[in-house]
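> one predicted model, sequence on top.
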Amino acid sequence: MRNFPMYNRYNSLFDEMFDDFMPKPLETTSFMKTDVHEKDGYFTLDIELPGYKKEDVSIEIMDGYLTISARHEYSDEEKNDKGQLIRQERSFGSCSRSFYVGDNIKAEDVNAKFEEGMLMVSLPSSKQKAIETKQIVSIN
């Protein structure tokens, strides 16, 4: 295969021209980075959620899984002095992550706190009685 320097040069210029206008796909590994610690019979999960607010985050327990979900919507519009729309941008994002915590954890066993883009979740590492229904965890 031959190398075509002019084609590569123009192709590169074309790509660079659209870099500012076209969003690049986000890597899923950049969302919900989590540190898990176990100490004194409790698991602590420190989950990074930059750009999200407390009201964007939900925590559920069902079938032994603790599921953390975050969703946000952003809309920005600019109008001229006549009220005509000249620019409008929208952004939507969501992410979710599940952790198996066992069939014995209830919502009241879980403590959650959200501060400055960081969700801290604490729960016991074991319980004795099995729970089979979906439960919602409140975030402080």
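Here it is on my side, so go on.
> what is the burial count for residue 122?
Using other Cβ atoms under 10 Å, residue 122 has 16 other residues around it. (C-beta placed from N, C-alpha, C; glycine too.)
> and for the strand or helix carrying it, what are the contacting residues?
Assigned by DSSP states H and E, residue 122 falls within strand 118-124. With Cβ atoms under 8 Å, 6 or more residues apart in numbering as the test, strand 118-124 has contacts from 41-49, 57, 59, 66, 68, 101, 105, 109-114, 139.
> do a quick rundown of the strands in this structure.
Along the chain, counting by DSSP state E, strands occupy 34-39, 42-48, 57-62, 65-79, 85-100, 111-115, 118-124, 135-137.
> quick one: average pLDDT of the shortest one?
Here strand 135-137 scores 82 as its mean pLDDT.
> residues in contact with that strand?
58-62, 66, 106-107, 110, 112.
> what distance do you get for the spatially most central residue of the chain to residue 88?
Residue closest to the average C-alpha location in the chain (Cα atoms, centre = their mean): residue 95, at 3.8 Å. Separation of residue 95 from residue 88 (Cβ to Cβ, to the nearest Å) stands at 25 Å.
> over to residue 113?
36 Å.
> next up, the contacts around the closest residue to residue 139 other than its chain neighbours.
Using Cβ to Cβ, 6 or more residues apart in numbering and skipping the chain neighbours, the partner closest in space to residue 139 is residue 112 (4.5 Å). Residue 112 sits next to 59, 119-122, 137-140 when contact means Cβ under 8 Å, 6+ apart.
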